[in-house]
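Engineer: model the structure of this input:
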Amino acid sequence: MTKKSTSCVLQNVLLVLTCIGSISCNWEGWWTYEGISGPYYWGLMNPDWTTCAKGKLQSPIDIDPINLNYDGSLDSIRVEKKSVTGQFMNTGQSLVYRVDEGEGQDIGIAGGPLTYQYRFKEMYFHWANTGNPGSEHTVNKQSFPAEIQIYGFNSELYPNMSIARENPNGLVAFAILVQITESLYRKSDFDFISVHLDKLLHRGDIVKVPTFSLHQVLPRTEDYITYEGSSTFPGCWETVTWIGNQIHIFNKPIFITTKQLAHFQRLKHENNLRPLQPVNKRNIRTNVGIQAQKDSNPECTDGLNEIEYEPNIPVLPLNSRPYTP
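Structural biologist: Purely as a prediction, here's the structure:
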């Protein structure tokens, strides 16, 4: 063990002991993705995070295209085309965008698998160091260079994100997988954030953004998958309806350039990926018909599109994910 890693372990031990011994503690500040404050210990150190260790509906997961179930009741997802103000922050664990509080600061999300109206609140960016996979969710055991996760809360039942995340039907989350492009004819989808990265290099750095719309990052497709899961950070609340656009199957991802990804990798924090969680026989649904299901149900094939999994850009195998407890 190096002097640096020994120092980090001792620092984490002191932080944990301090939190355990105090009446109140800001647990949000000390959890990490490595060592004794990393994912393998989230559910052991804070009594409010036991779901991280014991939950059966945890995220992220691997999406196996063969096991997707077509659900004809899934209609289109509706996201308001409006802009809000907010800020990017380097938390030391991730790069996070949060919408400002105030009147008119809401982008509505509804439809699809959602029974209620939801309001966009936070956006998390996940990536890894050079040469390593950077997405939390995987497809057919393949990882991607990066992933954006967009969270919203149930604004019909709950007054804010903090309360909603701890209660049924509390949250919705979009998982957007990211591919690399070097094409002169394909525009990057990361221009809106890449211009700010030089001001977000260190933990605690904040950049205010005067205008942002979700349609700047959402893939241009109405095809999606959905499953019931959790947040991928503590306390791993199992109140999340996940929606993943079929970008990884229909080759309609959002794109980032190698240069822009390198800018993300300059930000000072560790790899921010939680290990994959067991699917546990969860029903992963899609609004697009799957060929295997057409073959077994020929009478129900009218109007169903065909899913093909044929990535046109190299992705990284699952076993290359750099995870050690």
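Engineer: without its sequence neighbours, what residue ends up closest to the residue nearest to the spatial centre of the chain?
Structural biologist: Among the residues of the chain, the one closest to the centroid is Q149, at 3.1 Å (Cα atoms, centre = their mean). If you skip the residues right next to it in sequence, Q149 has Y124 as its closest partner in space, 4.5 Å away by Cβ to Cβ, 6 or more residues apart in numbering. All C-beta atoms are positioned from the backbone trio N, CA, C, and that covers glycine.
Engineer: on that earlier part again, is it true that the residue nearest to the centre of the chain touches L177?
Structural biologist: No. When contacts are counted by Cβ atoms under 8 Å, Q149 is not listed as touching L177 (10.4 Å).
Engineer: partner strands of the helix or strand encompassing the residue nearest to the centre of the chain and their direction?
Structural biologist: Of the helices and strands defined by DSSP states H and E, Q149 is found in strand 146-154. When pairing is defined by DSSP bridges, strand 146-154 lines up against strand 118-127 (antiparallel), strand 171-180 (antiparallel).
Engineer: what's in contact with the first one?
Structural biologist: For strand 118-127, the surrounding residues in contact (Cβ atoms under 8 Å, 6 or more residues apart in numbering) are 79, 84, 94-99, 106-110, 134-136, 145-155, 161, 171-172, 193, 214, 217, 233, 261, 264-265, 272-273.
Engineer: mind checking which of those residues are buried?
Structural biologist: Burial by neighbour count, 16 or more other Cβ atoms under 10 Å: within the contacts of strand 118-127 this picks out 79, 84, 94-97, 99, 106-107, 109-110, 134-136, 145-155, 161, 171-172, 193, 214, 217, 233, 261, 264, 272-273.
Engineer: same question for stretch 149-167, mean pLDDT?
Structural biologist: For stretch 149-167, the mean pLDDT works out to 97.
Engineer: now the end-to-end length of it.
Structural biologist: When the termini of stretch 149-167 are compared using Cα to Cα, to the nearest Å, they are 20 Å apart.
Engineer: now stretch 259-274
Structural biologist: End-to-end distance for stretch 259-274: 25 Å, by Cα to Cα.
Engineer: how about stretch 200-218?
Structural biologist: Between the start and the finish of stretch 200-218 there is a gap of 23 Å, counting by Cα to Cα.
Engineer: would you mark the buried spots in that stretch?
Structural biologist: The neighbour-count criterion (16+ other Cβ under 10 Å) identifies 200, 205, 207, 209, 212-214, 217-218 as the buried residues of stretch 200-218.
Engineer: how about those in CSV, adding distance to E34 and pLDDT?
Structural biologist: Written out in CSV, the entries for the buried residues of stretch 200-218 read as follows (distance: Cβ to Cβ, whole Å; pLDDT from 0 to 100):
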residue, distance to E34, pLDDT
L200, 21, 95
D205, 21, 96
V207, 26, 97
V209, 29, 93
F212, 31, 93
S213, 35, 92
L214, 31, 92
V217, 28, 89
L218, 31, 88
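Engineer: just the helices in the stretch 1-150 of the chain please.
Structural biologist: Listed in chain order, the helices of the stretch 1-150 of the chain (DSSP state H, counting those that start in this stretch) span residues 3-21, 42-45, 51-54.
Engineer: what's the least confident stretch among those?
Structural biologist: Comparing those by mean pLDDT, the weakest confidence falls on helix 3-21, with a mean of 45.
Engineer: for stretch 207-221, which outside residues touch it?
Structural biologist: The set of residues external to stretch 207-221 that reach it, using Cβ under 8 Å, 6+ apart, is 79-89, 97, 107, 120, 123, 148, 150, 174, 176, 189, 192, 196, 199-200, 245-247, 250, 252-254.
Engineer: circling back to that earlier point, what is the subsequent helix or strand relative to the strand holding Q149?
Structural biologist: Once strand 146-154 ends, the next helix or strand along the chain (criterion: DSSP H and E) is helix 161-164.
Engineer: could you dump that next one to PDB, C-alpha only?
Structural biologist: Output in PDB follows, covering the C-alpha atoms of helix 161-164 (Å, rounded to 0.1, in the frame of the first residue of the first chain):
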ATOM      1  CA  MET A 161     -36.600  15.900  -3.800                       C
ATOM      2  CA  SER A 162     -35.500  15.000  -0.300                       C
ATOM      3  CA  ILE A 163     -38.900  13.800   0.800                       C
ATOM      4  CA  ALA A 164     -39.800  12.200  -2.600                       C
END
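Engineer: what is that helix packed up against?
Structural biologist: In terms of contacts (3 or more Cβ pairs under 8 Å, 6 or more residues apart in numbering; DSSP states H and E), helix 161-164 is packed against strand 146-154.
Engineer: thanks a lot, catch you later.
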